[in-house]
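Colleague: this is a predicted model, with the sequence first.
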Amino acid sequence: MESTLEQHLDDTMKNPAIVGVLCTDQQGHNLGCRGSLSDEHGGVVSVLARQAATLTRDPTDLNPTVCLESDSGNILIRPHGTITVAVHKIAS
Amino acid sequence: MGCCYSSDNEPTEQDNDERKPLIPHPNPDKPANGTERSPAAPPSTRPDEQALLNTILHRTAQSIIDVSAADSQGMEQHEYMDKARQYSTKLAVLSSTLSQKKPAPLPSLTSQPHQVLASDLIPTADLLQVSKIAAYAYSAISQIKVDAKEELVVQFAVP
């Protein structure tokens, strides 16, 4: 059943600028990861997304994207429904 | 636990006074007389009630232990000074060790914050790409569900 998700993660990694991708559930449990993002990042990713959502009262802005910017690239964290997806992208 | 004042050499008669019940065990005869008398002649029971109340008050006053009025053990001046000196030296020792445990300061990310803040924003294309990836991942995960192939509860065929 998880083959669709695994395939989707592989397809995402085919993009040359993306070096890591991670899917977690709301408790930080790792549902799938590739590249530079792994199990240990699951907790932080889910909590960051959840806390960022509390910053705004705007009901249309329920899924804010959290960006961690650095010289070596950006990690973009986006929740969707009950899962949170993190993508590590380097400057290309 | 919970004892404000106690000493080992309490006299036994004080013990007995403390442990004497406030309300004595009622005599089985008295209540029957009281219920018979009260509906018949109310004025004559009033002095009895008054006397009973007085005895109860008297007994309570005798056996009550007033904690607030108890004389507290005063400390002598030299004992007080000694203790104050002892505590202040202990505090001085502890404060010198405590002051070394400062919380770790936050790491400084950059020496040029205005340059970082004025730099380019994340490109919108990246944000859209990430939301698309998240949406696809969510739909892929929704395919993970329980696939009930057969009944879990079966009836035993009892002949």
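Modeller: Structure's in. What do you need?
Colleague: helices of the chain, residue ranges please.
Modeller: Since no chain was named, I'll use chain A. A:3-13, A:42-53 (DSSP state H).
Colleague: not quite, go with chain B.
Modeller: B:12-19, B:29-40, B:42-63, B:77-98, B:113-118, B:124-141.
Colleague: what residues does chain A have near chain B?
Modeller: Within chain A, the positions adjacent to chain B are A:1-2, A:4-5, A:7-9, A:12, A:21, A:23, A:31-32, A:63, A:65, A:67, A:69, A:74, A:76, A:78-85, A:87, A:89 by CB under 8 Å from any CB of the partner chain. C-beta coordinates here come from the backbone N, C-alpha and C atoms, glycine included.
Colleague: where does pLDDT dip in chain B?
Modeller: Counting by pLDDT under 70, the ranges of chain B that qualify are B:1-17, B:26-44, B:69-72, B:99-101.
Colleague: sorry, back to before: any chance of the helices of chain B in a markdown table, with distance to chain A and mean neighbour count too?
Modeller: Shown next, in a markdown table, are the helices of chain B (distance: least, CB to the nearest CB, whole Å; neighbours: other CB atoms under 10 Å in any protein chain shown):
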| stretch | distance to chain A | mean neighbour count |
| --- | --- | --- |
| helix B:12-19 | 59 | 9 |
| helix B:29-40 | 67 | 10 |
| helix B:42-63 | 60 | 11 |
| helix B:77-98 | 32 | 10 |
| helix B:113-118 | 8 | 9 |
| helix B:124-141 | 4 | 18 |
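Colleague: which one, of those, ends up nearest to A:Ala53?
Modeller: Closest approach to A:Ala53 among the helices of chain B (CB to CB): helix B:124-141, 13.6 Å.
Colleague: show me what the closest one is packed up against.
Modeller: With contacts defined as 3 or more CB pairs under 8 Å, 6 or more residues apart in numbering or on different chains; DSSP states H and E, the packing partners of helix B:124-141 are helix A:3-13, strand A:18-25, strand A:73-80, strand A:83-89.
Colleague: among the ones you listed, which is nearest B:Val158?
Modeller: Taking CB to CB, helix A:3-13 is the member of the helices and strands packed on helix B:124-141 nearest to B:Val158, at 43.6 Å.
Colleague: just the mean pLDDT for that closest one, thanks.
Modeller: Across helix A:3-13, the average pLDDT comes to 94.
Colleague: which outside residues touch that helix?
Modeller: Contacting residues not belonging to helix A:3-13 are listed as A:18, A:21, A:23, A:31-35, A:87, B:133, B:136-137, B:140-141, B:143-144 [CB atoms under 8 Å, 6 or more residues apart in numbering or on different chains].
Colleague: for it, which positions count as buried?
Modeller: Going by neighbour count (16 or more other CB atoms under 10 Å in any protein chain shown), the buried part of helix A:3-13 is A:4-5, A:8-9, A:12.
Colleague: about what we covered before: for the contacts of helix A:3-13, which one is nearest B:Ile64?
Modeller: Scanning the contacts of helix A:3-13 for proximity to B:Ile64, where the rule is CB to CB, the winner is A:Leu31, at 70.5 Å.
Colleague: and the closest one, what is it in contact with?
Modeller: A:5, A:23-25, A:83, B:141.
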